[in-house]
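Colleague: Okay, sequence plus prediction incoming.
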Amino acid sequence: MEAVDKPPSINDTAVKKHLKNAAGALTVNDYYQGIINGDRTVLSRAITLVESSKLEHHKLAQELISLCLPHSGSSVRIGVTGVPGAGKSTFIEAFGKHVTSLGNKVAVLAIDPSSTRSKGSILGDKTRMEELSTDKNAFIRPSPSAGSLGGVARKTRETIILCEAAGYNYIFVETVGVGQNEITVHSMVDFFLLVLISGAGDELQGIKRGVMEMADAVLINKADGDNINKVNIAVVEIKNALHYFPPTFSGWQPQCLPCSAITKKGIPEAFEMINDYVEFTKKNKYFYQKRAEQAKQTMIDVINNSLFDHFYNIESVKNKIKETETQLLKGELSPYIAAQQVLDIYFKK
């Protein structure tokens, strides 16, 4: 049986459609000027350029990132994770509307899970955030996770830079919410928010300790109707648990609040808490220390991604992989020897 090629994770036709208009492809300066002027259409196309796996788009994207970099860094980056069904998207919409009502600009980078088989993704966050998506001061960008660690798209860091250059001063990164490998999103945001619900089993056992330890705050959502008492009990339990965790590097004591994305209860308090955190960490310099660590992590990720792309785009390597896959399926080769043979081609041994 011959190996079957996997379908591409990005629709090339769709990429070409987004990257071109009637006048032809945009130049780096066209993208840059559109982003600086807050043009959401150009921003969307720029993100498509950054997300493209095409080698010819990579250089253009890096030039654009370099131009936008001096205009970035002024936003508050907020990571949002939580159990499936906790209402993360509904919360972000309610929160986003509150933030824009105060004269701010909000960008939501919603990472949708990709199929491990087809690499396809529903990308339905604009549907779930219908009200926020029509707000002129909000920008919602659903992106496929494409198998990335923690459900976070590989290009999310670059997308944050573009959004900041476009003037968005509060940026949300919403993860898939699988409760694993969330360290990826934690490494690219200033504030890490965990959204839970009550009545879904033992809240303390239902979330991995590692995720709880990373959280700067925990929100118990759906504090409305007959659920209010359950939420209040869950808040007390989480608060007690947080006190037993090791002290945070920031010196901030993680908080737990009830909220309702439906009634808007707790939304203003959550926004005030995040701003208190930013003020607190800027005062003790942790905010800037973490940003510096993020820059270092970005460098490492770019190196790793570049090596990955370089490896899999070498023709001799691709041919050797197909050859060894066929031998593996026939049982003629062990996976370890097959891997070494491919690496030997790469290192030209």
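Modeller: Noted; the coordinates are in hand.
Colleague: Which residue ranges of the chain form strands?
Modeller: Remark: strands assigned in the chain by DSSP state E are 20-21, 24-25, 76-82, 106-112, 138-144, 170-174, 191-197, 217-221, 255-258.
Colleague: Please convert those strands to TSV, extending it with distance to residue 270.
Modeller: The way it works is simple: take the backbone N, C-alpha and C, and place the C-beta from them, glycine included. Formatted as TSV, the strands of the chain follow (distance: least, C-beta to C-beta, whole Å):
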stretch	distance to residue 270
strand 20-21	40
strand 24-25	42
strand 76-82	10
strand 106-112	14
strand 138-144	17
strand 170-174	12
strand 191-197	8
strand 217-221	6
strand 255-258	6
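Colleague: Could you provide the ones you listed in TSV, with additional columns for mean neighbour count and distance to residue 69?
Modeller: Shown next, in TSV, are the strands of the chain (neighbours: other C-beta atoms under 10 Å; distance: least, C-beta to C-beta, whole Å):
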stretch	mean neighbour count	distance to residue 69
strand 20-21	12	25
strand 24-25	10	22
strand 76-82	25	15
strand 106-112	25	17
strand 138-144	23	19
strand 170-174	25	15
strand 191-197	24	22
strand 217-221	26	29
strand 255-258	20	33
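Colleague: For residue 320, find the nearest of the ones you listed.
Modeller: strand 138-144 (28.5 Å; C-beta to C-beta).
Colleague: Note down every partner strand of that closest one and its orientation.
Modeller: Sheet pairing here is set by DSSP bridges, and for strand 138-144 it gives strand 106-112 (parallel).
Colleague: roughly how far is the strand it pairs with from the heart of the chain?
Modeller: Offset of strand 106-112 from its chain centre (C-alpha atoms, centre = their mean, to the nearest Å): 7 Å.
Colleague: Residue numbering should commence at 881 henceforth.
Modeller: Okay, residue one is now 881; in that scheme the one you just asked about reads as strand 986-992.
Colleague: just the angle between it and strand 1050-1054, please?
Modeller: 10 degrees (axes from the mean of the first three to the mean of the last three C-alpha atoms, to 10 degrees).
Colleague: tell me the mean pLDDT for strand 986-992?
Modeller: The average pLDDT within strand 986-992 is 87.
Colleague: again with stretch 1172-1186
Modeller: Rounded mean pLDDT across stretch 1172-1186 is 86.
Colleague: and it, which residues are buried?
Modeller: 1174, 1178, 1181 (16 or more other C-beta atoms under 10 Å).
Colleague: so where's the stretch 981-1130 of the chain uncertain?
Modeller: For the stretch 981-1130 of the chain, applying pLDDT under 70 flags the ranges 992-1008, 1024-1034, 1056-1061, 1079-1090.
Colleague: and if we set it to 90?
Modeller: 990-1011, 1013, 1022-1037, 1054-1068, 1076-1094, 1105-1107, 1117-1118, 1120-1128 (pLDDT under 90).
Colleague: Do a quick rundown of the helices in it.
Modeller: 1005-1008, 1010-1013, 1036-1045, 1063-1066, 1083-1086, 1089-1094, 1108-1122 (DSSP state H, counting those that start in this stretch).
Colleague: Between these, which one is closest to residue 1212.
Modeller: Nearest of those (C-beta to C-beta): helix 1063-1066, 37.6 Å.
Colleague: That closest one: which residues count as buried?
Modeller: Buried residues in helix 1063-1066 (16+ other C-beta under 10 Å): 1064, 1065, 1066.
Colleague: pretty sure residue 1145 is touching residue 1105, no?
Modeller: No: at 11.2 Å, residue 1145 does not count as touching residue 1105 under the criterion of C-beta atoms under 8 Å.
Colleague: what's whichever helix in the chain runs longest packed up against?
Modeller: Ranked by residue count and defined by DSSP state H, the top helix of the chain is helix 1166-1192. If contacts are counted by 3 or more C-beta pairs under 8 Å, 6 or more residues apart in numbering; DSSP states H and E, helix 1166-1192 sits against helix 1036-1045, helix 1147-1163.
Colleague: do you know which of the helices of the stretch 981-1130 of the chain lies nearest residue 1228?
Modeller: So among those, helix 1036-1045 is nearest, using C-beta to C-beta, at 31.5 Å.
Colleague: Output the contacting helices and strands for the closest one.
Modeller: Helix 1036-1045 packs on helix 908-916, helix 920-931, helix 935-948, strand 986-992, strand 1018-1024, strand 1050-1054, helix 1166-1192, going by 3+ C-beta pairs under 8 Å, 6+ apart.
Colleague: Serialize those to a markdown table and add fields for distance to residue 1216.
Modeller: Supplementary listing: these in a markdown table, determined by distance: least, C-beta to C-beta, whole Å:
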| stretch | distance to residue 1216 |
| --- | --- |
| helix 908-916 | 45 |
| helix 920-931 | 34 |
| helix 935-948 | 30 |
| strand 986-992 | 34 |
| strand 1018-1024 | 32 |
| strand 1050-1054 | 37 |
| helix 1166-1192 | 18 |
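Colleague: For residue 1202, the count of nearby residues, please.
Modeller: Look at residue 1202: counted by other C-beta atoms under 10 Å, it has 12 neighbours.
Colleague: Okay, it and residue 1209: tell me how far apart.
Modeller: Residue 1202 is 11 Å from residue 1209, where distance means C-beta to C-beta, to the nearest Å.
Colleague: Could you do residue 1035 as well?
Modeller: For residue 1035, the distance to residue 1209 - C-beta to C-beta - is 33 Å.
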